[in-house]
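> predicted model, plus sequence, below.
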Amino acid sequence: MTNRKSAQQNTTSRRRVLSGFGALATASLLPQRLSAQGVNNDVDVLIIGGGIAGASTAFHLAEQGQDVLLLERGEIASEASGQNMGGLGGNGWGNNPNLLSYITAGSVEIFKRMQLDLGYDMEFRLSGTLTAIHTEEQFEYYQDQVTRLRAGGYQVELLTPREARAIEPEANSELLGYVHATERGQADPVKSTRAFAHAAEMAGASIATGQNVTSITPLSRGGYSVQTESAEYRCQTLVLATGAWCGPVGEMLGLKIPIVPVRGQMWATDSMPMRVFHTIGSAESSYAWSKDNGSDAVTPPNLTHKNNRRVIRHLYGRQRKNGEIIFGGDRESLGYNKTPNPDGIEVNRGHAAEVIPLVASLPIKRTWAGLMPFSIDGAPIIGKISLRDNLFIVSGLSSSGFGRGPMSGKLAADFIRTGHMTHVLTEADPDRCVTEA
Ligand SMILES: Cc1cc2nc3c(=O)[nH]c(=O)nc-3n(C[C@H](O)[C@H](O)[C@H](O)COP(=O)(O)OP(=O)(O)OC[C@H]3O[C@@H](n4cnc5c(N)ncnc54)[C@H](O)[C@@H]3O)c2cc1C
């Protein structure tokens with residue numbers, strides 16, 4: 001009882017620190033490289049992975065008074081969470097929220113809290129998304145989709161090109177229409193992920209970067225010993241938030257975690273005054289994937305390439321606060337290859353110019369690529385791996401993990417603290433697919 005009371009007092013005082021943090025939490029103060037010095041090597045919960053999934057899990061656990069350490073081999077946000085487009089998906093909660101509604105709409109609420117209540121400048125705004133419709137078939141498909149979604153209480157509407165151009169003047173007037181998803185937003189990937197890590201530290205978590213986990217050993221008294229190249233850590237509960245590297249990290253525990261790296265690549269124009277206000281997409285891929293998502297026993301669904309050949313084009317983009325217009329879309333399974341492919345970038349640029357003709361005349365200033373954690377069945381993998389004691393995972397967030405990571409981390413944190421799996425996580429249960437190696 002005394003312990004619970006002091007834990008509650010502890011949590012309350014940490015919350016006070018957080019709510020008072022306010023405007024101090026400017027981007028310039030966010031940690032880029034956090035030292036392992038002074039970190040306690042013996043903790044209750046150890047999280048591996050400093051992307052948005054791990055950083056959010058650490059924040060929500062620490063805020064609930066848990067003793068947490070996060071290990072990251074590079075810097076916070078050095079992989080997919082820092083390299084993505086910054087789009088926040090979903091169509092709101094709907095009348096009967098499922099897992100995807102929870103992790104998309106819930107994450108938007110968490111972004112609002114971080115930006116508006118805790119004072120982090122994450123460049124978050126609820127911009128909405130416009131998805132361009134190019135053909136009659138796509139139009140019919142989306143007419144059905146929008147009707148179905150609206151009946152389910154989701155916030156989405158079909159616009160004529162004229163209506164779309166009233167809110168996005170650079171949108172192509174020659175297309176058939178646009179799907180307007182009002183509950184979608186955008187934020188800066190690096191600033192956001194580092195904000196979660198910083199908020200975790202403010203709530204009492206320890207964060208050690210430059211800590212590459214090389215082996216994991218279960219301890220006879222329970223818990224785990226986690227070795228990096230320079231230190232050994234021990235914990236009661238271990239959380240894997242290692243994104244596209246869940247496969248190799250799972251192997252350290254003798255487990256097969258069916259997550260594969262999928263390369264996403266992007267390009268940016270020079271900075272220019274604001275011309276693009278929404279996040280931008282195209283209906284081409286979602287329509288094609290609704291007919292055939294291309295998956296098989298070893299290939300996740302919804303990729304743009306199969307067996308080194310393009311099967312479809314995919315598009316997402318926006319204009320950043322610094323003025324760069326950025327677009328991307330390709331999803332190719334190539335192992336751990338992070339080198340952008342110029343041909344794919346040109347195809348994507350042509351696709352972008354069909355929707356926002358302005359970009360056809362803008363030179364490409366830089367390109368980059370990152371690795372997305374695609375689960376083989378396409379669904380998130382969040383929860384307890386019951387093949388081992390006290391082992392959790394929050395991953396498999398595929399191409400939408402930036403917009404889904406914050407709430408995924410909160411749901412994982414709630415599960416770890418309470419020992420209770422909320423019903424909505426049933427769809428994400430790791431036991432459906434994680435096996436002995
Ligand atoms: C080009 C591109 C565009 C995208 N656009 C969007 C978008 O607009 N919206 C959206 O929602 N999503 C988008 N995504 C997907 C999104 O970025 C990912 O789903 C999300 O960032 C995954 O987060 P994560 O924390 O699971 O993984 P990561 O961010 O990859 O983090 C995992 C971390 O684990 C660390 N790690 C791995 N192994 C070890 C080890 N042995 N020891 C210590 N640390 C280790 C890694 O260094 C890494 O930092 C995009 C991705 C890409 C590549």
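Now that the structure is in, tell me what you want to look at.

> okay but S271 is in contact with N322, surely?
Yes - distance between S271 and N322: 5.4 Å, which falls inside the contact criterion (CB atoms under 8 Å). Placement of C-beta: from N, CA and C, glycine included.

> could you chop the protein up by domain?
As given by automatic domain parsing, the domain ranges for the chain are 2-84+189-258+378-436, 129-182+260-375.

> give me whichever of those is most buried.
Burial of the domains of the chain is given as mean neighbour count (mean count of other CB atoms under 10 Å); domain 2-84+189-258+378-436 ranks first at a mean of 20.

> so where's the protein shaky on pLDDT?
Within the chain, the ranges that satisfy pLDDT under 70 run 1-38.

> quick one, helices of it?
Taking DSSP state H as the criterion, the chain contains helices spanning 2-19, 52-63, 80-83, 99-112, 136-151, 161-167, 189-202, 246-251, 283-291, 342-355, 401-418.

> quick one: L240 from T299, how far?
As judged by CB to CB, to the nearest Å, L240 and T299 stand 23 Å apart.

> again with D67
40 Å.

> leaving out the residues flanking it, which one is nearest to the closest residue to the ligand within the stretch 51-200 of the chain?
Relative to the ligand, the nearest point of the stretch 51-200 of the chain is G51 (2.2 Å; CB to the nearest ligand atom). Distance criterion CB to CB, 6 or more residues apart in numbering; nearest residue to G51, sequence neighbours excluded, is S81 at 3.7 Å.

> the one you found is in contact with T193, isn't it?
Yes - judged on CB under 8 Å, S81 makes contact with T193 at a distance of 4.4 Å.

> tell me who's in contact with the residue nearest to G51.
For S81, the contacting residues are G51, I52, A53, A55, P189, T193, G243, G401, F402, G405, by CB atoms under 8 Å, 6 or more residues apart in numbering.

> over to N348?
Contacts of N348 (CB under 8 Å, 6+ apart): Q265, W267, R313, L315, F327, G328, G329, D330.

> again, but for G90
Counting by CB under 8 Å, 6+ apart, G90 touches L100, S101, T104, A105, S107, V108, A181, E183, R184, G403.

> at 6 Å what do you get?
G90 makes contact with T104, A105, according to CB atoms under 6 Å, 6 or more residues apart in numbering.

> common neighbours of S81 and T193, please.
Counting by CB under 6 Å, 6+ apart, the residues touching both S81 and T193 are I52.

> ok, for Q115, nearest residue in space, not its chain neighbours?
Of all residues not flanking Q115 in the chain, F124 sits nearest, at 4.1 Å (CB to CB, 6+ apart).

> my guess is the one you found meets A187, correct?
Yes - with contact defined as CB atoms under 6 Å, F124 reaches A187; the gap is 4.1 Å.

> before we move on, the earlier item: please report the distance of the residue nearest to G51 from S56.
Going from S81 to S56 by CB to CB gives 10 Å.

> cool, T214 as well?
Applying CB to CB to T214 and S56 gives a distance of 25 Å.

> endpoint to endpoint, stretch 55-70 covers what distance?
Criterion CA to CA, to the nearest Å; first-to-last residue distance in stretch 55-70 is 8 Å.

> just how off-centre is the longest strand along the chain within its chain?
Identified as the longest strand of the chain according to DSSP state E is strand 259-271. Centroid separation between strand 259-271 and its chain, computed with CA atoms, centre = their mean, to the nearest Å, is 14 Å.

> what strands line up against that strand, and which way round?
Partners of strand 259-271 in the sheet, by DSSP bridges, are strand 324-332 (antiparallel), strand 366-375 (antiparallel).

> what angle sits between the last one and helix 52-63?
In this case it means strand 366-375. With axes from the mean of the first three to the mean of the last three CA atoms, to 10 degrees applied, the angle from strand 366-375 to helix 52-63 works out at 70 degrees.

> can strand 366-375 be found next to the ligand?
Yes - Strand 366-375 is in contact with the ligand by CB under 6 Å from any ligand atom, via G370, M372, P373.

> just these now: which is nearest the ligand?
G370 (3.1 Å).

> what's the closest non-adjacent residue to the closest one?
In space, and not counting its chain neighbours, G370 is closest to Q83: 3.3 Å by CB to CB, 6+ apart.

> doesn't L371 make contact with that neighbour?
No - using CB under 6 Å, Q83 makes no contact with L371, being 8.5 Å away.

> residue contacts, A181?
N91, T129, V156.

> can you tell me which residues in the stretch 101-250 of the chain are near the ligand?
Residues of the stretch 101-250 of the chain lying near the ligand (CB under 6 Å from any ligand atom): N212, V213, A241, T242, G243, A244, W245, V249.

> now, those that are in strands?
Under the assignment DSSP E, these contribute V213 to strands.

> adding distance to R388, write the residues of the stretch 101-250 of the chain next to the ligand out as a markdown table.
Listed next are these as a markdown table, based on distance: CB to CB, whole Å:
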| residue | distance to R388 |
| --- | --- |
| N212 | 21 |
| V213 | 15 |
| A241 | 16 |
| T242 | 15 |
| G243 | 20 |
| A244 | 21 |
| W245 | 18 |
| V249 | 13 |
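
> closest to the ligand among the residues of the stretch 101-250 of the chain next to the ligand?
G243 (2.5 Å).

> show me what the residue lying closest to that closest one once chain neighbours are set aside is bridged to.
For G243, ignoring the flanking residues on the chain, the nearest one in space by CB to CB, 6+ apart is P373 at 4.3 Å. As for beta bridges, P373 partners with P261 under DSSP bridges.

> which ones are touching P373?
Listed by CB under 6 Å, 6+ apart, the contact partners of P373 are G243, A244, I259, S395, G396.

> compute the distance between it and I381, please.
Separation of P373 from I381 (CB to CB) stands at 9 Å.

> do the same with A132
Taking CB to CB, one finds A132 at 32 Å from I381.

> swap in L118?
Here L118 is placed at a distance of 28 Å from I381 (CB to CB).
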